[in-house]
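# got a sequence here, can you model it:
(one chain, ligands or ions: 2)
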Amino acid sequence: VSDSVVVILAAGGGTRMRSETPKLLHPICGRPMIGWTVAAAGDAGADRVVVVDGPGRELEPVLDGRVEFVVQQQPLGTADAVRAAADRIDGASTVIVLNGDTPLVTGRTLKGLAEAHERSGAAATIGTIVLDDPSGYGRVVRGPDGTVERVVETKRPGDATELELQIREVNTGIFAFDAGELLSALELVSSDNAQGELYLPDVLPILREHERTVVAYELSDPNAMIGINDRVALAHARGIAQRQISERHMLAGVTIVDPASTVIDVEVEIGRDAVVEPFSSLRGVTSIGEATTIGPLTTLIDARVGRASRVIHSYVNDAEIGDRVSVGPFSYLRPGTVLRDGSKAGTFVEIKNSEVGAGTKVPHLSYIGDADIGEDTNLGAATITANYDGTRKHRTTIGDRVKTSVDTTLVAPVRVGDDAYTGAGSVITKDVPPGALGIARERQRNIEGYTNRRKEQETAADSAESGAEPVESRQRSDVNSTNP
Ligand code: UD1
Ligand code: CA
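Ligands and ions are numbered 1, 2, ... in the order given. Down below sits the predicted model:
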């Protein structure tokens, strides 16, 4: 599509969403609704995309600089919305107009319509589709010769006659226009209708009156016009988009064991022979390398995972996981975590803002925060970094080939040198030099004969009591008889 402008109408109220969030900012598979129509326009090869926003300019922040914005001051109707973009349309050849609340429209559909429009040389081409249940949509009224005369709205009673309500061919809201013809016709649209609005489809009879050609292009993809007006429709569209995303990955060589229980956002990248086990959510800008297994029951948000790794039953947010890494079950990896190749974060392990070197293992029950850990190190079960002194966070540095024993607490800031050890149960507050054993716990002492001494004391106490108060004592020992 050359020298073309796509105008996306997005200034309507969206009241049926019952939301503080503007309708077109509600996400579908990780991308705001407006982003879907903008992406379709891009896929169609549009030279320019113009979004008609409301006076709050709420959509602008979520779209990058490739989109132009114009503001419709008041929602006076779809024709008025297009008019708000008049100076952006002026001078173009073809203008494609579509509604911003139809996120499942594809670039292929828009391109097909634009090409048909240019082939026919018509002044206007309306995208139509025949629906079993056309309720609420504008109906396409064709003349005796089969050409499109006009669209009659049905949202409120008053516009359509009983006969017109029988029509099942509807206006998809997707149009292609000759830019100059559109701009002239928009000037002549009136709001003399049931909603008191300026209806965009009303340019069609105006163009016909001026001997211009109006043609219909029947869309083959019924999803193209699924309009989102409430959260029921939002969930319905999300389901369709999710199936399309999952099918794209499966056809590209990813095993998704149970697509129905798997959430994959639209930006996620997955390598060949990766396996996504059930009940997993891959969200945001997440990437997964070849032959990696994710899940079951794993959430990845903005995570980068390498090849041949495994992330099982874990929650990962803004973290980097290398190749051949093992994560979980029950790991929680928080922002700034980097697990280098061949490393491991095991069961009940929480890591944040830390680098875990290649081949290093954090197998069980650890909290690692603000730490730099070298290669081939092993942190014993329940190794904990005490990184927070109540006011500030401090770093812990652990070298290569270190072995901390179980229940080591590392009170930051502290360093453990290469090849060092710590003793089990140590609270390490001072640096451990390379190759040393850091041990920081009280020495054990054994009290010989303790058990016998205790028994003797108990017997003595009992007989002293029975001597003094025999009746009460007997009662008490009866009560305690099953648990002496
Ligand atoms: C519109 C069409 C209808 C078609 C249907 C397809 C009109 C009058 N009706 O109806 O024939 O079958 O789409 O989905 O065009 N908007 C603005 N400014 C406004 C009004 C609307 O930007 O002043 C935007 C909305 O944000 C929305 C789009 O235009 O994205 C469509 O508006 P909406 O009110 O939803 O029109 P429909 O009743 O769906
Ligand atoms: Ca709508």
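# quick one: residue 82 from residue 444, how far?
84 Å (CB to CB, to the nearest Å). Backbone N, C-alpha and C define where each C-beta goes, glycine included.
# these two: which is more packed in?
Each of residue 82 and residue 444 has its neighbours counted (other CB atoms under 10 Å); residue 82 has more, 27 against 5.
# helix, strand or coil for that one?
Here residue 82 is recorded as helix under DSSP: H, G, I helix; E, B strand; the rest coil.
# so which residue of the protein comes closest to ligand 1?
Nearest residue of the chain to ligand 1 (CB to the nearest ligand atom) works out as residue 138 at 2.2 Å.
# which residues does stretch 111-119 contact?
1, 4, 43-45, 94, 96, 125, 127, 174, 176-177, 215, 217, 219 (CB atoms under 8 Å, 6 or more residues apart in numbering).
# narrow those residues to those in helices?
Among the contacts of stretch 111-119, the members falling in helices (DSSP state H) are residue 43.
# quick one: least confident of the contacts of stretch 111-119?
Lowest pLDDT among the contacts of stretch 111-119: residue 1, with 43.
# so which residues of the protein form helices?
33-43, 78-84, 86-89, 107-120, 179-186, 203-209, 231-251, 450-468, 470-479.
# now residue 116: how far from residue 84?
27 Å.
# these two: who's more crowded?
Between residue 116 and residue 84, residue 84 has the larger neighbour count (other CB under 10 Å), namely 20 against 17.
# give the full set of residues in contact with the more buried one.
Per CB under 8 Å, 6+ apart, neighbours of residue 84: 11, 52, 70-73.
# also residue 280?
By CB under 8 Å, 6+ apart, the neighbours of residue 280 are 261-263, 294-300.
# what is the biggest strand by length in the chain packed up against?
Criterion DSSP state E: the longest strand present in the chain is strand 169-178. With contacts defined as 3 or more CB pairs under 8 Å, 6 or more residues apart in numbering; DSSP states H and E, strand 169-178 has these neighbours: strand 94-99, helix 107-120, strand 124-130, strand 139-142.
# okay, those, which one's buried deepest?
strand 94-99 (a mean of 25; mean count of other CB atoms under 10 Å).
# so for residue 363, what's the pLDDT?
Looking at residue 363, its pLDDT is 98.
# dump the residue contacts of it.
With contact set as CB under 8 Å, 6+ apart, residue 363 has these partners: 344, 346-347, 349, 378-379, 381.
# where does this protein dip in pLDDT?
1-2, 467-484 (pLDDT under 70).
# residues from this protein in reach of ligand 1?
Counting by CB under 6 Å from any ligand atom, the residues of the chain lying close to ligand 1 are 9-12, 52, 72, 75-78, 80-81, 99-101, 137-138, 151, 153, 155, 170-173, 199-201, 225, 227.
# now restrict the residues you listed to buried residues only.
With neighbours counted by 16 or more other CB atoms under 10 Å, the residues of the chain next to ligand 1 contain buried members at 9-12, 52, 72, 76-78, 80-81, 99-101, 137-138, 151, 153, 170-173, 199-201, 225, 227.
# residue 186 contacts residue 81, correct?
No: assessed by CB atoms under 8 Å, residue 186 is found out of contact with residue 81, at 10.3 Å.
# redo the helices of the chain as TSV? Include distance to residue 400.
Formatted as TSV, the helices of the chain follow (distance: least, CB to CB, whole Å):
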stretch	distance to residue 400
helix 33-43	45
helix 78-84	63
helix 86-89	60
helix 107-120	51
helix 179-186	67
helix 203-209	72
helix 231-251	38
helix 450-468	44
helix 470-479	62
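# to residue 391, which of those lies closest?
Comparison of these against residue 391 by CB to CB identifies helix 33-43 as nearest, at 41.4 Å.
# what helices or strands is that closest one leaning on?
So helix 33-43, by 3+ CB pairs under 8 Å, 6+ apart, packs with strand 4-9, strand 48-53, strand 94-99, helix 107-120.
# quick one: the longest one to chain centroid distance?
Helix 107-120 sits 32 Å away from the centroid of its parent chain (CA atoms, centre = their mean, to the nearest Å).
# just the angle for it relative to strand 4-9, thanks.
When axes from the mean of the first three to the mean of the last three CA atoms, to 10 degrees is applied, the directions of helix 107-120 and strand 4-9 differ by 120 degrees.
# just the angle for helix 107-120 relative to strand 169-178, thanks.
Relative orientation of helix 107-120 and strand 169-178, computed by the same axes, to 10 degrees: 60 degrees.
# sort out for me which of the contacts of residue 363 are in strands.
344, 346-347, 349, 378-379.
# need those residues in JSON lines (columns: neighbour count).
Listed next are the ones in strands among the contacts of residue 363 as JSON lines, based on neighbours: other CB atoms under 10 Å:
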{"residue": "344", "neighbour count": "21"}
{"residue": "346", "neighbour count": "19"}
{"residue": "347", "neighbour count": "16"}
{"residue": "349", "neighbour count": "26"}
{"residue": "378", "neighbour count": "16"}
{"residue": "379", "neighbour count": "32"}
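# and the furthest pair within these?
Spanning the widest gap among the ones in strands among the contacts of residue 363 are 347 and 378, at 14.7 Å by CB to CB.
# before we move on, the earlier item: could you save the ones in strands among the contacts of residue 363 as JSON lines and add columns showing distance to residue 35?
Compiled in JSON lines, the ones in strands among the contacts of residue 363 are given as follows (distance: CB to CB, whole Å):
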{"residue": "344", "distance to residue 35": "37"}
{"residue": "346", "distance to residue 35": "38"}
{"residue": "347", "distance to residue 35": "38"}
{"residue": "349", "distance to residue 35": "35"}
{"residue": "378", "distance to residue 35": "45"}
{"residue": "379", "distance to residue 35": "42"}
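# tell me the one of those residues nearest residue 421?
So of the ones in strands among the contacts of residue 363, ranked by how close each gets to residue 421 (CB to CB), first place is residue 378, at 10.2 Å.
# got a list of what the closest one touches?
360-361, 363, 402-404.
# give the contact list for residue 188.
The contact partners of residue 188, by CB under 8 Å, 6+ apart, come to 203, 206.
# mind running it again at 6 Å?
By CB atoms under 6 Å, 6 or more residues apart in numbering, residue 188 lies in contact with residue 206.
# for it, phi and psi?
Dihedral pair for residue 188: phi -100, psi 0, per degrees, to the nearest 10.
# how close does it sit to residue 418?
82 Å.
# repeat that for residue 330.
30 Å.
# cool, and residue 235?
For residue 235, the distance to residue 418 equals 54 Å [CB to CB].
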